[in-house]
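Trainee: only geometry, no sequence info:
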C-alpha cells in the first residue's frame, strides 16, 4: 500500500509516485549535463532520452507481468492500470540498451560509448531514488525479520504490516541497497572526472569502460539485494534463481567476455587470463552455493550473505581487472605507436 501525499475524490497522488518522477528527472538532468559537458551531440540525447523512458516503463512492466500474472486481469491491464502490480527494475537496463540500438540508423553510433558512460551515473542515481521510494510503500520486503529492538530502525530495518495487519520489522533491503549504490555513484563520477584529465587520445580509447564497470558492479549488488527479498520475481519455469539474478548474472558474464576479448586482442592469450576465468567460475559457484544454502536454511542468513557478498565482489573485481588491463594496453599501444 502506498502512502498518499494528496487525494481528492477518485484522484490521488502517492509519495512514491512523486519520488519516482523526481528520480527520472534527476537521471535525465545528470546524464544531460555530463554528456553535453563532454561535447556530446544534443540531437543524440533528444532522441535517446524519450525512447529510454518509454521503453523502461514497457520492459519493466512486461517482466513483472510475466512473473506475476496473478496480479493482473490480463496483459492489457498491465499497461492501462498502473495502480496494480509493479515493475522489475532490470527492465530499465534492457530499455537503455534497446534505445541505444535505435540510435545507430541515425548516424549517432560514434556518440554511443560516451552516452553510455554519462548515462551510468544517471542510472545509478535513478535506482537510488527508486529504492528510497520503497520507504513510502510496502515493496521493501526482506525475508530477514529483525527482532532486536535496538536494530528496529533505519538503516537496519523498516516497518511493515503483514497480511493480518500486524506490525513487524524486516531488514531494510532497498534502503541498504540505496546506500551501497550511493558509493557506486561516487566512484563512477570520480572515474569519469579522471578520464577527462587524461590525454584526448587515451580518453577516447576508454569510452564505454565506465558503462561496463557500472553494469558489472550494479549487477553484483542487485543479485545480493534480490536474494534477501521474499517478493522476488521468478520465471514460470524456475523457482530457484529469480529473473533479476538471472539477468544480472548474464550481464556480468557478458562484460567478462567483452573485457576478455579486448585484452586478448591487445596482448594475445596469456595463462593468467585463464586463471582469471577459473577464479570467476569458482566465484560464480560460490555465490550459487550461498544462494542454495540461504534458501534451505532460514537461520543461516548472516553467514550465507557474507559468503555471497564475498564471491560477488570477487566476480566483479576480476572483471574490473580485465577492463583495466585492456585499457592500459590500449594506452601503451598508442604511446608506443
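Mentor: Perfect, I can see it now. Predicted, not measured: the structure shown is a model, and the values here were computed from it.
Trainee: pLDDT score assigned to the residue nearest the centre of the chain?
Mentor: Among the residues of the chain, the one closest to the centroid is residue 218, at 4.4 Å (Cα atoms, centre = their mean). According to the prediction, residue 218 has pLDDT 97.
Trainee: now it: how far from residue 230?
Mentor: 22 Å (Cβ to Cβ, to the nearest Å). For glycine as for every other residue, the C-beta is placed from the backbone atoms N, C-alpha and C.
Trainee: just to revisit the earlier point, my read: the residue nearest to the centre of the chain touches residue 127, true?
Mentor: Yes: contact criterion Cβ atoms under 8 Å: residue 218 and residue 127 qualify, at 7.5 Å.
Trainee: hey, what's in contact with both of the two?
Mentor: Taking Cβ atoms under 8 Å, 6 or more residues apart in numbering as the contact rule, residue 218 and residue 127 both touch residue 181.
Trainee: And the strands in the stretch 151-300 of the chain?
Mentor: Assigned strands in the stretch 151-300 of the chain, in chain order: 157-161, 167-171 (criterion: DSSP state E, counting those that start in this stretch).
Trainee: For those strands, could you give me JSON lines that also reports mean neighbour count and distance to residue 214?
Mentor: Listed next are the strands of the stretch 151-300 of the chain as JSON lines, based on neighbours: other Cβ atoms under 10 Å; distance: least, Cβ to Cβ, whole Å:
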{"stretch": "strand 157-161", "mean neighbour count": "18", "distance to residue 214": "26"}
{"stretch": "strand 167-171", "mean neighbour count": "17", "distance to residue 214": "25"}
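Trainee: Which of those strands has the lowest mean pLDDT?
Mentor: Mean pLDDT values for those show the minimum at strand 157-161, a mean of 81.
Trainee: which neighbours does that one have in its sheet, and in what orientation?
Mentor: Counting by DSSP bridges, the strands paired with strand 157-161 are strand 167-171 (antiparallel).
Trainee: Return the distance of the partner strand from the chain's centre.
Mentor: Distance, stretch centre to chain centre, for strand 167-171: 25 Å (Cα atoms, centre = their mean, to the nearest Å).
Trainee: Residues in contact with it: which ones?
Mentor: 140-147, 151-152, 156-162, 228.
Trainee: count of residues packed around residue 83?
Mentor: 8 (other Cβ atoms under 10 Å).
Trainee: And the pLDDT for it?
Mentor: Taking residue 83 on its own, its pLDDT is 72.
Trainee: Ramachandran angles for it?
Mentor: phi -80, psi -20 (degrees, to the nearest 10).
Trainee: The one 5 residues further on too?
Mentor: Backbone torsions for residue 88, taken as degrees, to the nearest 10, come to phi -110, psi 120.
Trainee: what ranges do the helices span in the chain?
Mentor: For the chain, the helices defined by DSSP state H cover 15-37, 42-67, 75-78, 91-101, 112-132, 173-197, 200-206, 209-228, 243-267, 271-296, 301-336.
Trainee: Tabulate the ones you listed (TSV), appending distance to residue 234.
Mentor: Putting the helices of the chain into TSV (distance: least, Cβ to Cβ, whole Å) gives the following:
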stretch	distance to residue 234
helix 15-37	24
helix 42-67	6
helix 75-78	17
helix 91-101	15
helix 112-132	21
helix 173-197	17
helix 200-206	38
helix 209-228	11
helix 243-267	6
helix 271-296	12
helix 301-336	18
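Trainee: need the contact list for the residue nearest to the centre of the chain.
Mentor: Applying Cβ under 8 Å, 6+ apart to residue 218 gives the contacts 123, 124, 127, 181, 184, 248.
Trainee: If anything else comes up later, I'll come back, but that's it for now.
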